[in-house]
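J.: return a 3D structure for these sequence lines:
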Amino acid sequence: MFRLAAIPLLLLLISACTSNKKPAEETEVQWDVTIAFGSCNKHDLENQLWDDVLKAKPDLWIWGGDNIYADTSDMEVMRNMYAKQDKVRGYRKLKREVPVIGTWDDHDYGLNDAGLEFDKKAESQQAFLDFLAVPQNSPRRSRQGVYAAHQIGTRLGMVKILVLDTRYFRSSLTDATEEGKRFQPGPYGEGTLLGEQQWSWLEAELQSSEADFNLLVSSIQFLSDQHGFECWGNFPHETERLKQLLLKTGAANTVIVSGDRHISEFSKTKLDGLPYPLIDFTSSGLTHPYSDFDGEANPYRIGNVISEKSFGLLRFNFSKNEVRMQMVGDEGVIYQEIRQTY
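T.: As a prediction, this is how the structure comes out:
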């Protein structure tokens, strides 16, 4: 039986190749923990993937952001949208069977491309935590930002999940001067993405992690940074800071999952001094992908961009120190996958 542990609550221990359109069943390897995630979900559009998520038998579902499309400072409107999402039949069934955690992005934060300037962010945070059924006495209710730590595993091993908040503390973005792009990197050293409070928390969580794998949940892409939309690359010093933090803390086998882009892709790089490759697995959108996608530069990309409705699946094997990452579509179609041994 799997149990999900929230930190700082008591931890409960519990007893590269690509392919196209394969069935989502796995028989030759025993996967110890399975985590599903996704983003870009309109509550009033049909989500055809909830039954496929359940068929994958995940031990955890992670919302990656844009879980509803509120874009409002009216909290009654936002709460009504969350209530409608909660009543979606497939999602209701998922919640009954699978623990749910996650982060937000701009559209469920309340304002497109917004950061620290959004004047309803405190109220929006409470609505989001209500949606995730976070207890009223949780420390998260009195802390700024929706970042959080969780752990899930078996007697064989553990995955630590660090859910980041790329909205609450984020400085203003720099408008792009290049045609066809919305934003560009700001001056090096100016502005913040996570804010000092969250950076201190993240360092402490990575430093203390004894997990076999660490999973960072970022609503926006970390590695892909040339498309001109929101990404970590708009704050190049923050990108470098996270890389250096991974080296400093020696955090084992860290994988990043992201959303926001309405496409799915794998990005991968090697950091000097890090004993494993760093992978950013982007998966979106759940209800409305970027179907007109016609290409963009990403020097870190592995395989192809998938612009179909899909969710992400990560299967962990502790004895083999291996993760299988899959982009899964309607009827269990696997659009692309990679396996990484650490």
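J.: next, the buried residues of stretch 163-174.
T.: Residues of stretch 163-174 classed as buried: 163-171, 173 (neighbour count, 16 or more other CB atoms under 10 Å). (C-beta placed from N, C-alpha, C; glycine too.)
J.: just the ones of the residues you listed in strands?
T.: Val163 (DSSP state E).
J.: out of the buried residues of stretch 163-174, who's nearest Val98?
T.: Val163 (16.1 Å; CB to CB).
J.: that closest one reaches Tyr147, doesn't it?
T.: Yes: using CB atoms under 8 Å, Val163 is in contact with Tyr147, at 5.9 Å.
J.: I'd say Gln197 and Tyr168 touch.
T.: No: the pair Gln197 and Tyr168 fails to qualify as a contact (CB under 8 Å) at a distance of 9.4 Å.
J.: quick check: neighbours shared by those two?
T.: 144-145 (CB atoms under 8 Å, 6 or more residues apart in numbering).
J.: can you get me a residue count around the nearest residue to Thr239 once chain neighbours are set aside?
T.: Counting by CB to CB, 6 or more residues apart in numbering, Trp232 is the residue found nearest to Thr239 once chain neighbours are left out, at 4.7 Å. Residues contacting Trp232 under the criterion other CB atoms under 10 Å number 25.
J.: ok, Trp232 - contacts?
T.: 193, 218, 220-223, 225, 238-239, 242.
J.: which of those lies closest to Lys270?
T.: When the contacts of Trp232 are compared against Lys270 (criterion: CB to CB), the nearest one is Leu223, at 11.5 Å.
J.: so, low pLDDT: which residues of this structure?
T.: In the predicted model of the chain, residues 1-28 satisfy pLDDT under 70.
J.: at 50 instead, please
T.: When residues are selected by pLDDT under 50, those of the chain lie in 1-2, 7-19, 23, 26.
J.: quick one on the thing from earlier: overlap in contacts, Val163 and Tyr147.
T.: With CB under 8 Å, 6+ apart, Val163 and Tyr147 have common neighbours Thr103.
J.: pull out the buried positions in stretch 128-138.
T.: Buried residues in stretch 128-138 (16+ other CB under 10 Å): 128-129, 131-132, 134.
J.: same list, those, but as CSV with secondary structure and distance to Phe293 please.
T.: Converted to CSV, the buried residues of stretch 128-138 look like this (DSSP: H, G, I helix; E, B strand; the rest coil; distance: CB to CB, whole Å):
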residue, secondary structure, distance to Phe293
Phe128, helix, 29
Leu129, helix, 33
Phe131, helix, 29
Leu132, coil, 30
Val134, coil, 35
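J.: between the buried residues of stretch 163-174, which is nearest Arg261?
T.: Nearest member of these to Arg261, counting by CB to CB, is Thr166, at 13.4 Å.
J.: for the stretch 201-342 of the chain, what spans make up the strands?
T.: For the stretch 201-342 of the chain, applying DSSP state E, counting those that start in this stretch gives strands covering 213-217, 254-258, 264-269, 278-282, 301-306, 311-317, 322-328, 334-341.
J.: what strands flank the second one, and is each parallel or antiparallel?
T.: It refers to strand 254-258. strand 213-217 (parallel), strand 278-282 (parallel) (DSSP bridges).
J.: next, format those strands as CSV and append distance to Tyr300 and mean neighbour count.
T.: Compiled in CSV, those are given as follows (distance: least, CB to CB, whole Å; neighbours: other CB atoms under 10 Å):
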stretch, distance to Tyr300, mean neighbour count
strand 213-217, 16, 25
strand 278-282, 7, 25
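J.: tell me the two of the contacts of Trp232 that are most distant?
T.: Leu193 and Leu223 (14.4 Å).
J.: which stretches of the stretch 151-300 of the chain form helices?
T.: 196-208, 236-249 (DSSP state H, counting those that start in this stretch).
J.: who are the packing partners of the last one?
T.: This means helix 236-249. Packing contacts for helix 236-249, counted by 3 or more CB pairs under 8 Å, 6 or more residues apart in numbering; DSSP states H and E, involve helix 196-208.
J.: pull out the buried residues from the helix it packs on.
T.: 198-199, 201-202, 205-206.
J.: so which elements touch that helix?
T.: Using 3+ CB pairs under 8 Å, 6+ apart: helix 196-208 touches strand 157-163, helix 236-249.
J.: the ones you listed: which one's closest to Gly38?
T.: Of the helices and strands packed on helix 196-208, the one closest to Gly38 (CB to CB) turns out to be strand 157-163, at 14.2 Å.
J.: and the closest one, which strands flank it?
T.: strand 148-154 (antiparallel), strand 213-217 (parallel).
J.: any idea which of the contacts of Trp232 is closest to Trp50?
T.: Ser218 (23.4 Å).
J.: tell me the secondary structure at Thr72.
T.: Under the three-state scheme (DSSP: H, G, I helix; E, B strand; the rest coil), Thr72 adopts coil.
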